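Asks: Give me the fold of what follows.
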Amino acid sequence: MRRSPPSFLLAYNSGPTRRILSSVRLTPWHRRPQHTAGRSRDSTQVSGKFTSPLPDSGPKLPFRFETGFALFAKRAPRPFPPPFLSPPSGSFSDPLSTHHQSRDKRAFVHGELISGWTNGDDAVYASDYFICANDGVGAWSARPRGHAGLWSRLILHFWVAAMQEDITRPRSPTEPYSPDPINYLQQAYERTIEATSGPNDCLGTTTAAGAQLHYKADTTNGTSSATPLLYVTNLGDSQVMVVRPSSQELVYKSKEQWHWFDCPRQLGTNSPDTPTQNAVLDTVELSEGDVVLAMTDGVIDNLWAHEIVENVCTSVKRWESGEGGQASGPRKDGANGGMTFVAQELVNAAKRIAQDPFAESPFMEHAIEEGLASEGGKLDDISVVAALCQQNTT
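Replies: Prediction:
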């Protein structure tokens, strides 16, 4: 991800921002033809994956996500330290009763399996009602006790936990549930600090971008109906985007937050940023068939917004026509496996630019605007979660 200075020189203290957004259209910017990359770069490929959405506790909602995600890591992730992962067995004389623990590659915190998936320094999560993409600052991997990937994953884990705790909290009939994502992220931030302090001292910072699906009820004209409503929370330069393939338009995209160029807002060690003071919350009305994307900057540093929209819409059409692998049911709108195809095609497109030293890219453009010499794409961890908004018939 981005470089992280030893300490921050700037701190902005604007409170949480809330606004209702309507759909907008983008004017396409046509990329110049690319040359074949003349150099190779070390990288780790993780193929796209289809996820049966992780179960969300709480009442059934009228809408749900069908999700898929795809990952590309520029390098293998740094292993999580104990106690988040069991240390390897020291010798054959170790008690056999503990040997099995050293073979368990899953990550735990406070005895619970850590939610989500790690991709380099990124972390992603996908479920029926919430998707998330966090981007750990890779510079921490060069420092003692630096674990950006752990920070991005723990923030995600505790964010989900806080949300689920609030959803399942007992309420009176006159107190309906209302999402409070910034509060959830603040709790996640505080719990991550606690989990990584003391004897478990681990340094790191991460951006955070999540989208929670809910709804608003309409009781006008004597009828009762519901509209899907998306709560988007962002801190830093990961991004949530809503694409409407039916009209090939960009409905919404979150705005990146920066201290200065190449240094986004971030949560963690030495950072002045906090969710309560700096996170932005947007609410976006959705339609059935909309595709919600949660992406790290490995995508948006290499693809312009109109290219992302075009890629997603094309992938949905290809899936509907029978491409992209086997479907588990009707393919309309990219359902029944299409979100994995959408996510993988977007990762592939971003990866091609990232590995092309002659390509024009948004990162190159921004660097030149800052007076810095730059060319080609930006090699980084690339993480995409794609979620299709659909009626909940389960």
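
Asks: where are the low-confidence patches of this structure?
Replies: Within the chain, the stretches with pLDDT under 70 are 1-58, 86-104, 219-224.

Asks: report the longest helix in it, please.
Replies: helix 148-167 (DSSP state H).

Asks: Pull out the buried residues from that helix.
Replies: Across helix 148-167, burial judged by 16 or more other C-beta atoms under 10 Å covers 148-164, 166-167. All C-beta atoms are positioned from the backbone trio N, CA, C, and that covers glycine.

Asks: next one: that helix to chain centre, how far?
Replies: 12 Å (C-alpha atoms, centre = their mean, to the nearest Å).

Asks: Show the subsequent helix or strand relative to it.
Replies: helix 181-195 (DSSP states H and E).

Asks: tilt between that next one and helix 148-167?
Replies: Put simply, helix 181-195 runs at 130 degrees to helix 148-167, going by axes from the mean of the first three to the mean of the last three C-alpha atoms, to 10 degrees.

Asks: CA atoms only for helix 181-195 - export them in PDB, please.
Replies: Extracted as PDB, the C-alpha positions of helix 181-195 are listed here (Å, rounded to 0.1, in the frame of the first residue of the first chain):
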ATOM      1  CA  PRO A 181     -21.300   1.900  11.300                       C
ATOM      2  CA  ILE A 182     -19.000   4.600  12.600                       C
ATOM      3  CA  ASN A 183     -19.600   3.500  16.100                       C
ATOM      4  CA  TYR A 184     -18.900  -0.100  15.100                       C
ATOM      5  CA  LEU A 185     -15.600   1.000  13.500                       C
ATOM      6  CA  GLN A 186     -14.700   3.000  16.600                       C
ATOM      7  CA  GLN A 187     -15.200  -0.100  18.700                       C
ATOM      8  CA  ALA A 188     -13.200  -2.100  16.300                       C
ATOM      9  CA  TYR A 189     -10.400   0.400  16.500                       C
ATOM     10  CA  GLU A 190     -10.300   0.400  20.300                       C
ATOM     11  CA  ARG A 191     -10.500  -3.400  20.500                       C
ATOM     12  CA  THR A 192      -7.600  -3.700  18.000                       C
ATOM     13  CA  ILE A 193      -5.500  -1.400  20.000                       C
ATOM     14  CA  GLU A 194      -6.200  -3.500  23.100                       C
ATOM     15  CA  ALA A 195      -5.500  -6.800  21.300                       C
END
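
Asks: Report all helices and strands that it contacts.
Replies: Of the remaining helices and strands, those touching helix 181-195 by 3 or more C-beta pairs under 8 Å, 6 or more residues apart in numbering; DSSP states H and E are helix 148-167, strand 208-218, strand 225-235, strand 267-268, helix 275-278.

Asks: how about a cut-off of 6 Å?
Replies: Applying 3 or more C-beta pairs under 6 Å, 6 or more residues apart in numbering; DSSP states H and E, we find helix 181-195 packed against helix 148-167, strand 225-235, helix 275-278.

Asks: what's next to the shortest one, contact-wise?
Replies: Going back to what we said before, that points to helix 275-278. 13, 182, 185, 186, 189, 235, 265 (C-beta atoms under 6 Å, 6 or more residues apart in numbering).

Asks: now swap in the longest one and tell me
Replies: Under the contact criterion C-beta under 6 Å, 6+ apart, helix 148-167 has outside partners 57-58, 77-78, 80, 114-116, 118, 121, 123, 125, 132, 134, 136-138, 140, 184-185, 187-188, 191-192, 195, 202, 204, 206, 208, 268.

Asks: Which of these fall in helices?
Replies: 184, 185, 187, 188, 191, 192, 195.

Asks: What about those, which one has the most neighbours?
Replies: Neighbour tally across those (other C-beta atoms under 10 Å): the maximum, 28 neighbours, falls on residue 185.

Asks: residue contacts, it?
Replies: Applying C-beta under 6 Å, 6+ apart, the residues near residue 185 are 159, 233, 275, 279.

Asks: Not counting its neighbours along the chain, what's nearest it?
Replies: residue 275 (4.0 Å; C-beta to C-beta, 6 or more residues apart in numbering).

Asks: same question, residue 302
Replies: residue 353 (4.0 Å).

Asks: List the contacts of that neighbour.
Replies: Going by C-beta under 6 Å, 6+ apart, the list of residues near residue 353 reads 302, 359, 361, 377.

Asks: ok, now residue 192?
Replies: So residue 192 contacts 154, 155, 158 (C-beta under 6 Å, 6+ apart).

Asks: from those residues, which is closest to residue 64?
Replies: Nearest to residue 64 out of the contacts of residue 192 is residue 158 (C-beta to C-beta; 23.1 Å).

Asks: Between all of the contacts of residue 353, which two are separated the most?
Replies: The widest separation within the contacts of residue 353 (C-beta to C-beta) is 7.8 Å, between 302 and 359.

Asks: Name the residue in the two with the higher neighbour count.
Replies: Using other C-beta under 10 Å as the criterion, residue 302 and residue 359 rank with residue 302 on top: 29 against 21.

Asks: Was I right to think that one contacts residue 376?
Replies: No. Between residue 302 and residue 376 there is no contact under C-beta atoms under 6 Å: 9.6 Å.

Asks: distance of the one residue sitting closest to the centre of the chain from residue 359?
Replies: In the chain, the centroid-proximal residue (C-alpha atoms, centre = their mean) is residue 133; its distance is 1.2 Å. Per C-beta to C-beta, to the nearest Å, residue 133 is found 23 Å from residue 359.

Asks: How many neighbouring residues does residue 266 have?
Replies: 32.

Asks: Show me the strands in the stretch 251-394 of the chain, by range?
Replies: Counting by DSSP state E, counting those that start in this stretch, the segments of the stretch 251-394 of the chain that form strands are 258-260, 263-264, 267-268, 280-285, 291-295, 382-391.

Asks: what about dumping the CA coordinates of stretch 291-303 to PDB?
Replies: In PDB, the C-alpha atoms belonging to stretch 291-303 read as follows (Å, rounded to 0.1, in the frame of the first residue of the first chain):
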ATOM      1  CA  VAL A 291     -23.300  -4.400  -7.900                       C
ATOM      2  CA  VAL A 292     -21.500  -3.000  -4.800                       C
ATOM      3  CA  LEU A 293     -17.700  -3.200  -4.800                       C
ATOM      4  CA  ALA A 294     -15.300  -2.900  -1.900                       C
ATOM      5  CA  MET A 295     -11.800  -2.400  -3.200                       C
ATOM      6  CA  THR A 296      -8.400  -1.500  -2.000                       C
ATOM      7  CA  ASP A 297      -6.200   1.100  -3.700                       C
ATOM      8  CA  GLY A 298      -4.500  -1.600  -5.800                       C
ATOM      9  CA  VAL A 299      -7.600  -1.200  -8.000                       C
ATOM     10  CA  ILE A 300      -8.300   2.500  -8.100                       C
ATOM     11  CA  ASP A 301      -4.600   3.400  -8.500                       C
ATOM     12  CA  ASN A 302      -4.500   1.400 -11.700                       C
ATOM     13  CA  LEU A 303      -8.000   1.800 -13.200                       C
END
